[in-house]
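J.: starting from these lines, generate the structure:
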Amino acid sequence: MRIAIIDDEKSQADILYSICSAYFHEHKQDIPIDCFSDGTVFFDSFKENVYKIAFVDIFMEKMNGIAVAEKLREKDRDIIIVFVTTSPDFMMQAFSVHAFHYITKPYKAEQIYKVLSDASSFISDNSRYIEVVCDRQNTLISLKEIVSVESDAHYIKIGVVSGITYRTRMTVTEFIELTDNDKRFITVNRGVVLNADYIKGIEGSVCTTGNGERFPIKIREKTRIEQSIREYMFKKIRENQRR
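T.: As a prediction, this is how the structure comes out:
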């Protein structure tokens, strides 16, 4: 894991750097922290998947923090973005780029510690993988990237966010067991499992995912499917609130 601090006010960047360093020192973790004076400097040296967390100041002269976050989200949709600012006025815009947190200055060590702890837990959850055999090769697939799973004779097809489909010899039941019965995966029809995080809606006998794919569902099971989705989402929200 590597952390980026993007703030054109050096004194504030130094304070945040010190607090983050102290947190990781207490947890006996050697985590690199890089400071950048503005978004332009950051993107000049940007490489995808290098940084897991980015603290971004909103009020910067050359490139404001919202613009930095929008560009960053285009390049790396998984990075955790934490806005830091002197004013809460831009909080709604912060959520539009799926910001993880919004911190107002002056910094409080306990607040930064809480954000780092929550982010570390989030990253740990996002690192869950399953290993399957595709084309005689072992392949790791991140659970959070899986959109759909469909039976295909003695195989299953695993569709992921990027559009790639993996075909492996396995049953849907074996897939569910492999995920440790992860509640985000909901059976919507015989041999069809969808990730609740990507379900956009259900109309009639069709379930639509965020990427536009449509899957038929069992009408008799519609109430059960909708209830399973609600329960999963409710649990997810409550867990996020407790962090």
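
J.: how's this protein carved up into domains?
T.: The chain breaks down by automatic domain parsing into domains covering 3-126, 129-242.

J.: could you point out which element follows the least confident helix or strand in the chain by mean pLDDT?
T.: Every helix and strand in the chain was compared by mean pLDDT, DSSP states H and E; the lowest is helix 91-96, with a mean of 66. Using DSSP states H and E, the helix or strand that follows helix 91-96 in sequence is strand 101-104.

J.: check which helix or strand covers the spatially most central residue of the chain.
T.: In the chain, the centroid-proximal residue (CA atoms, centre = their mean) is Asp78; its distance is 5.0 Å. Counting by DSSP H and E, no helix or strand carries Asp78.

J.: how about the one 3 residues further on?
T.: For Ile81, the host element (DSSP H and E) is strand 80-85.

J.: list the buried ones in the longest helix seen in the chain?
T.: Counting by DSSP state H, the longest helix found in the chain is helix 222-242. Under the neighbour-count criterion of 16 or more other CB atoms under 10 Å, helix 222-242 has Ile225, Ser228, Ile229, Tyr232 buried. For every residue, glycine as well, the C-beta is placed using N, CA and C.

J.: now, which of these sits nearest Lys183?
T.: Tyr232 (5.1 Å; CB to CB).

J.: you'd agree that closest one is up against Leu194?
T.: No. Look at Tyr232 against Leu194 with CB atoms under 8 Å: they stay out of range, at 11.1 Å.
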